[in-house]
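Peer 1: Can you look at this prediction? I've put the sequence above it.
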Amino acid sequence: MEKELDQEVASFSTSIGEDIALYRYDIWGSIAHCLGLEKVGIISSEEAQRIVGGLQEIYRLLREGKIDPVPFEDVHSLVEVTLREKIGEVAGKLHTARSRNDQIVLDERLFLREKVAEVVTGILSLYRALLTKAEEYRSLIMPGYTHLQPAQPVPFAHHLLAYCFMLARDVERLEDALRRIDRFPLGAGALAGNSLPIDRFYVASLLAFPEVQDNSMDIVSDRDFILEFLADVTILALHLSRLGEENVLWN
């Protein structure tokens, strides 16, 4: 090519602005993968130490805001290029027995696993607050409304507990989705698996995955677990919107 890529085209084709949020998970996954390569003898202990040390330094620099992500295409290239600059050619061995395809799925699953825990923690905090208020006002009677018109008298606690039941279902949905999120994908390769003697169960255990996915094409080609999470938090948002709108109407 005689000309550099047009900046607008380059900007359109990069994802670093979004997937920089995955840097922690990308580095955690890479460290676990490196230890897996060392375990089966694909890389030496000395090489593993250099790679892990480099990854830990990159993690620290990113956390402290000392690496500018803008020049990079995505979070993978940021970590790979920076690692090579810090430890040399041995950095290239990290990508042995791994594809970008199964690597990004691992990042996404680690990210969502953490987000599910955060959302559930928030739901339970609100749930407990509503229970406390329901107990505090258990003898208070209020008008129940239909179409914004007073309809029938109901205990205020009954009204608050309706939201507790909604939130309980939200937690159930997220915990059920977590069972499908919490499945280890590395080893799928680009789409057809891996011919190297990697120990997928060992690497999965390092990252606290209780289950290893089986079908390599399913692993790299489907994102239903993301859609399921989005559907669950959308339902949660509707429940929270109802509660918020009532606070506005009653204020």
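Peer 2: Done, it's in. Numbers count the residues shown, from 1 in each chain.
Peer 1: any idea how far residue 174 is from residue 117?
Peer 2: Distance, residue 117 to residue 174, using C-beta to C-beta, to the nearest Å: 9 Å. No exception for glycine: its C-beta is placed from N, CA and C like everyone else's.
Peer 1: Now the phi/psi pair for the nearest residue to residue 211 once chain neighbours are set aside, please.
Peer 2: Take residue 211 and drop its neighbours on the chain: the residue closest to it by C-beta to C-beta, 6 or more residues apart in numbering is residue 183, 4.8 Å away. Dihedral pair for residue 183: phi -130, psi 130, per degrees, to the nearest 10.
Peer 1: Residue 183: what's it in contact with?
Peer 2: 109, 209, 211, 212, 213 (C-beta atoms under 8 Å, 6 or more residues apart in numbering).
Peer 1: Could you do residue 232 as well?
Peer 2: 170, 173, 174, 177.
Peer 1: just to revisit the earlier point, out of the contacts of residue 183, which sit inside helices?
Peer 2: residue 109 (DSSP state H).
Peer 1: Dump the contacts of residue 183 into CSV; add neighbour count and pLDDT as well.
Peer 2: Formatted as CSV, these follow (neighbours: other C-beta atoms under 10 Å; pLDDT from 0 to 100):
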residue, neighbour count, pLDDT
109, 25, 98
209, 23, 97
211, 12, 95
212, 16, 95
213, 21, 91
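Peer 1: Take the contacts of residue 183 and lay them out in CSV including distance to residue 89.
Peer 2: Listed next are the contacts of residue 183 as CSV, based on distance: C-beta to C-beta, whole Å:
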residue, distance to residue 89
109, 30
209, 31
211, 36
212, 31
213, 32
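Peer 1: Closest one to residue 199 out of the contacts of residue 183, please.
Peer 2: Nearest to residue 199, judged by C-beta to C-beta, of the contacts of residue 183 is residue 212 at 10.4 Å.
Peer 1: For the residue nearest to the closest one when sequence neighbours are not counted, list the residues it contacts.
Peer 2: For residue 212, ignoring the flanking residues on the chain, the nearest one in space by C-beta to C-beta, 6+ apart is residue 184 at 4.7 Å. The contact partners of residue 184, by C-beta under 8 Å, 6+ apart, come to 106, 109, 200, 203, 204, 207, 209, 211, 212, 213.
Peer 1: same question, residue 116
Peer 2: Residue 116 touches 174, 175, 177, 178, 181, 229, counting by C-beta under 8 Å, 6+ apart.
Peer 1: switch the cut-off to 10 Å
Peer 2: 171, 174, 175, 177, 178, 181, 182, 229, 232, 233 (C-beta atoms under 10 Å, 6 or more residues apart in numbering).
Peer 1: Keep only those of the contacts of residue 183 that are in strands.
Peer 2: Judged by DSSP state E, those include 211, 212 as members of strands.
Peer 1: Quick check: buried residues in the helix or strand hosting residue 119?
Peer 2: If you go by DSSP states H and E, residue 119 is part of helix 100-136. If you call a residue buried by 16 or more other C-beta atoms under 10 Å, then helix 100-136 has these buried ones: 101-113, 116, 119-120, 123, 126-127, 130, 134.
Peer 1: domain ranges for the chain?
Peer 2: 1-96, 99-188+213-251 (automatic domain parsing).
Peer 1: Now do the shortest one, average pLDDT.
Peer 2: Mean pLDDT, domain 1-96: 91.
Peer 1: Who does residue 155 form a beta bridge with?
Peer 2: Judged by DSSP bridges, the bridge partners of residue 155 are residue 141.
Peer 1: in the chain, which residue is closest to the centre?
Peer 2: residue 111 (1.7 Å; C-alpha atoms, centre = their mean).
Peer 1: My guess is that one contacts residue 225. True?
Peer 2: No. Counting by C-beta atoms under 10 Å, residue 111 stays clear of residue 225, with 11.0 Å between them.
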